[in-house]
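# The sequence and its predicted three-dimensional model are supplied below.
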Amino acid sequence: MARFLNNNQRITLVSFLAYFVMSGMLAPIGIISGPMAELFGEPITDVTARFSWLTVGNLVGAVIAVFLFEWVSLKILMMFIYALILTSLLSLNIVNELSSVGPVLGVVGLGCGLGLVGAALIISRCYQAERRASMLIITDGCFSIAGFMCAGIATFLIVREFHWASVYQFVGAVAAIILLLCAVSRFP
């Protein structure tokens, strides 16, 4: 993939996929809550409450980003963030207790909050004012596409009785692509 895209295209794709990951985490919640409740033997309200960790993590990540991006290289930070997200998403397949799901989702949310700020920084540093707005609008488009795709994938997998976190393995694959693109790219 790195051969087919120039550096600016690669890091722009990183930005777009960062928004895809966040939406991919949110979109399937209603679809996977039932199977999660069944697996953990808990009421659906208790299961869905665990997803508040994701949004709180996102908020905390966005606040931390205000300070962190001034001290740490954008490339290093983006690679660390998406490695952390990937590892966290993979761990959802082995979580045996509902009480562990929340903290894992909190870590993913933290990474997403940092990643969204990093994505916006990449766009703002790579594009002049006349193109910057359209690039930021495309990030919203990626957010919408992910919502549609991940909800569909979640439905497809749940109907076929896959593990509730299977859709998050798809999101993890997107995080792995981000990690790869970061590794082979130069950042502003």
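Structure received.

# all contacts plus neighbour counts: C-alpha atoms, from now on.
Will do.

# Lowest-scoring secondary structure element of this protein by mean pLDDT?
Lowest mean confidence among the helices and strands of the chain (mean pLDDT, DSSP states H and E): helix 129-159, at a mean of 91.

# Tell me which residues of that helix come out buried.
Residues of helix 129-159 classed as buried: 132, 135-136, 139, 142-147, 149-155, 157-158 (neighbour count, 16 or more other Cα atoms under 10 Å).

# Same check on stretch 34-41?
By neighbour count on 16+ other Cα under 10 Å, the buried set for stretch 34-41 is G34, P35, M36, A37.

# Likewise for stretch 71-89?
Across stretch 71-89, burial judged by 16+ other Cα under 10 Å covers 74-75, 77-89.

# And that stretch, how far out from the chain middle?
11 Å (Cα atoms, centre = their mean, to the nearest Å).

# who touches it?
By Cα atoms under 8 Å, 6 or more residues apart in numbering, the surrounding residues in contact with stretch 71-89 are 69, 104-105, 107-108, 111-112, 114-115, 118, 168-169, 171-173, 175-176, 178-179, 182-183, 186-188.

# Filter those residues down to just the buried residues.
69, 104-105, 107-108, 111-112, 114-115, 118, 168-169, 171-172, 175-176, 178-179, 182, 187.

# related to what we said a few turns ago, go through the buried residues of stretch 34-41 and flag which are in helices.
Among these, the members found in helices (DSSP state H) are G34, P35, M36, A37.

# May I see those organised as TSV, with pLDDT and distance to I44 added?
Shown next, in TSV, are those (pLDDT from 0 to 100; distance: Cα to Cα, whole Å):
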residue	pLDDT	distance to I44
G34	95	6
P35	95	9
M36	95	8
A37	95	5
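
# any idea how far S124 is from L136?
From S124 across to L136, the span is 9 Å (Cα to Cα, to the nearest Å).

# Just the C-alpha atoms of stretch 112-119, please, in PDB.
Extracted in PDB, the C-alpha atoms of stretch 112-119 (Å, rounded to 0.1, in the frame of the first residue of the first chain):
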ATOM      1  CA  CYS A 112      -9.500   7.200  20.200                       C
ATOM      2  CA  GLY A 113      -9.600  10.600  22.000                       C
ATOM      3  CA  LEU A 114      -5.900  11.100  21.400                       C
ATOM      4  CA  GLY A 115      -6.100   9.700  17.900                       C
ATOM      5  CA  LEU A 116      -8.800  12.100  16.800                       C
ATOM      6  CA  VAL A 117      -6.800  15.000  18.000                       C
ATOM      7  CA  GLY A 118      -3.800  13.600  16.200                       C
ATOM      8  CA  ALA A 119      -5.800  13.200  13.100                       C
END
